[in-house]
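**Q** would you be able to build a 3D model of this:
(4 chains)
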2 protein chains.
Amino acid sequence: MSERSDAGRKESGEGRMRADAQRNRQLIIEAARDIFIESGADAPLDEIARRAGVGIATLYRRFPDRDDLIRAVVLNTFSAMVDAAQDAEANGTDAYHALRLFMHRALDAKIGATMPALAGRVVFDDEVDGARLAAGTVVQRILDTAQEQGLVRKDIAFGDITFMVIRLTRPLPAIAKLLVDGDLAHRHLDIYLDGLRAEGDGERAELPAPVVTLADFDKVRKRLASGRADDL
Amino acid sequence: MSERSDAGRKESGEGRMRADAQRNRQLIIEAARDIFIESGADAPLDEIARRAGVGIATLYRRFPDRDDLIRAVVLNTFSAMVDAAQDAEANGTDAYHALRLFMHRALDAKIGATMPALAGRVVFDDEVDGARLAAGTVVQRILDTAQEQGLVRKDIAFGDITFMVIRLTRPLPAIAKLLVDGDLAHRHLDIYLDGLRAEGDGERAELPAPVVTLADFDKVRKRLASGRADDL
DNA sequence: AACTAGTGGAGAAATTCTCTCCACTTCTGC
DNA sequence: GCAGAAGTGGAGAGAATTTCTCCACTAGTT
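**A** Next up is the predicted model:
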């Protein structure tokens, strides 16, 4: 890790950066988040710059080395996690629905981008660890409440929430996009959530859109066989 | 794709290869499967050779180019899928338990290694497509039966079984290994399976071992903070 | 024991990735 | 709207990684 980049400049609220520079910085973080999720934390940096629609030099100016960038992504993600959780607590009709809301929002916020942190790619200094703990605490609180109210089975633990969201965040192979429009992750999360409910609570969530059948695979196979497969 | 390697030699049963060569061929396929799952289908080939405990030249002799190797891994994986499904059909007490058995076995067989196929990295010639269809058919039959018997909710489709197994096959960040001994994937699969059950069927599976709490994360964080983190 | 299929690893060639430099563009304050 | 500062993109040298061949050596097979 190097000089810590100029992250502090923006985060400590001193609006010293030019407006367009701040916007670019955010675009880079988001592109990096997506690329890290797709290709791991060693993904080429110029691919990130390209995805962000920014020159490679801009990326290097903001984040002198890869660790600075990873760090920014991780902090950004933990903070999105806190937002999602607090929002869910405020808006869920009960603690189970708060949990449900949180997990769906966390999917959208691509919480899986915390992976580099969990994989040891990030130095856990006080700032990162504080963010981690803050995020963990809110999630734990939602889970505890849901269990106290008897809405979630007792044998579920913290890791069953967070690790599944991480899993669901990671992209499926490209064919999934050929098969369907919607997002299978949210559908599968709903099934999982039904599995989290307390015993005897037989009601089932209505599952969201993409229903993928064996026949769908056949169709795609034929499409690939005939025409060219440039749409992958 | 090139000359098709000498896969046919072994697969058509003519035991023309020397015994040690056949063993090495299998070791390479298994190593490739694991590395492809971990690092994607572009992973360096010498890493695969190293993992297989074999020289790089041996790998190139068996599989003249990367596509040959991918192809072999995919065929191997589809065939493991058929084995797992047939075995599950024979051994499950009812169709729901057959489905459960299949999914757990499929996890162990790392079915996620079919990803390169699904991601368009493999030419779907008749052999590959036959294997795909054979595997798909058995799984579909198990699911159909379970639904007819009212053991699995009606709104579940083929893709909800296969894609979730693929997701669960992919490895979690290294920290998961620091936190726990067991395999979270099987635990999370059981929760998902509870969510697949037909409405009103309130019983819950007893979840297997690794329970990961927020406190576990704290412990690891402290461990990393003090000593060196070379155990990652 | 002799013959041949099989093996490992060094290293040249090709490819990919990193990171700097600088001429040019865009914001901001006045 | 102007001046000056802040920000930008992309070419390309250098570094690092990856591919793939060659050949002296080893180990199954008969």
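
**Q** look up the closest residue to the residue nearest to the spatial centre of chain A, ignoring the ones flanking it.
**A** Centroid-nearest residue in chain A: residue A:110, 1.5 Å away (criterion: C-alpha atoms, centre = their mean). With sequence-adjacent residues excluded and distances taken as C-beta to C-beta, 6 or more residues apart in numbering or on different chains, residue A:110 is closest to residue A:169, at 5.3 Å. From N, CA and C alone the C-beta is placed, and that goes for glycine too.

**Q** low-confidence stretches in chain A?
**A** Flagging of chain A using pLDDT under 70 yields the residue ranges A:1-15, A:176, A:178-181, A:200-202, A:225-232.

**Q** what's the nearest residue in chain A when you look at DNA strand C?
**A** Of all residues in chain A, residue A:19 sits closest to DNA strand C, at 3.1 Å by C-beta to the nearest atom of the strand.

**Q** look up how far residue A:166 lies from residue A:80.
**A** Using C-beta to C-beta, to the nearest Å, residue A:80 is found at 13 Å from residue A:166.

**Q** quick one, which of these two is more surrounded?
**A** Using other C-beta atoms under 10 Å in any protein chain shown as the criterion, residue A:80 and residue A:166 rank with residue A:166 on top: 23 against 20.

**Q** what's the closest non-adjacent residue to that one?
**A** residue A:112 (4.6 Å).

**Q** can you get me a residue count around that neighbour?
**A** Residue A:112: 22 neighbours (other C-beta under 10 Å).

**Q** now swap in the one 3 residues further on and tell me
**A** Neighbourhood size, residue A:115 [other C-beta under 10 Å]: 24.

**Q** OK, contacts around it?
**A** A:36-37, A:41, A:166, B:173 (C-beta atoms under 8 Å, 6 or more residues apart in numbering or on different chains).

**Q** tell me which two in the residues you listed are the farthest apart.
**A** Spatial extent of the contacts of residue A:115 (C-beta to C-beta) is set by the pair A:41 and A:166 at 13.9 Å.

**Q** what helices and strands are in contact with the helix or strand hosting residue A:162?
**A** Assigned by DSSP states H and E, residue A:162 falls within helix A:158-169. Secondary-structure packing of helix A:158-169 (3 or more C-beta pairs under 8 Å, 6 or more residues apart in numbering or on different chains; DSSP states H and E): helix A:95-108, helix A:126-148, helix A:184-196, helix B:158-169, helix B:184-196, helix B:214-225.

**Q** now the spatially closest residue to residue A:190 that is not a sequence neighbour. Its backbone dihedrals?
**A** Residue nearest to residue A:190 in three dimensions, not counting chain neighbours: residue A:205, with 4.5 Å by C-beta to C-beta, 6+ apart. Main-chain torsions, residue A:205, degrees, to the nearest 10: phi -70, psi 150.

**Q** next, residue A:208: secondary structure please.
**A** Of the three states, residue A:208 takes coil under DSSP: H, G, I helix; E, B strand; the rest coil.

**Q** next, count neighbours for it.
**A** Residue A:208: 16 surrounding residues under other C-beta under 10 Å.

**Q** that one against residue A:191, yeah?
**A** No - judged on C-beta atoms under 8 Å, residue A:208 makes no contact with residue A:191 at a distance of 10.4 Å.

**Q** what sits against residue A:58?
**A** A:24, A:28, A:49.

**Q** now do the buried residues in the helix or strand containing it.
**A** Element membership of residue A:58, judged by DSSP H and E, is helix A:56-62. Buried positions in helix A:56-62, judged by neighbour count with 16 or more other C-beta atoms under 10 Å in any protein chain shown: A:58-59, A:62.

**Q** out of these, which are close to DNA strand D?
**A** A:58, A:62 (C-beta under 7 Å from any atom of the strand).

**Q** residue A:84: which of the buried residues of helix A:56-62 is nearest?
**A** Sorting the buried residues of helix A:56-62 by how near they are to residue A:84, with C-beta to C-beta, puts residue A:62 at the top with 25.5 Å.

**Q** neighbours around the residue nearest to residue A:193 when sequence neighbours are not counted, how many?
**A** Closest residue to residue A:193 apart from its sequence neighbours, by C-beta to C-beta, 6+ apart: residue A:100 at 5.5 Å. Burial measure for residue A:100: 23 neighbouring residues, criterion other C-beta under 10 Å.

**Q** isn't residue A:49 right next to residue A:32, touching?
**A** No - the pair residue A:49 and residue A:32 does not pass the contact test of C-beta under 8 Å, sitting 9.4 Å apart.

**Q** comparing these two, which shows the higher neighbour count?
**A** residue A:32 (28 against 21).

**Q** who does the helix or strand containing the more buried one touch, helix- and strand-wise?
**A** Using DSSP H and E, residue A:32 maps to helix A:19-39. On a contact count with 3+ C-beta pairs under 8 Å, 6+ apart, helix A:19-39 meets helix A:45-52, helix A:56-62, helix A:66-91, helix A:115-118.

**Q** could you check the angle helix A:19-39 makes with the first one?
**A** Just to be clear, that refers to helix A:45-52. In terms of direction (axes from the mean of the first three to the mean of the last three C-alpha atoms, to 10 degrees), helix A:45-52 departs from helix A:19-39 by 120 degrees.
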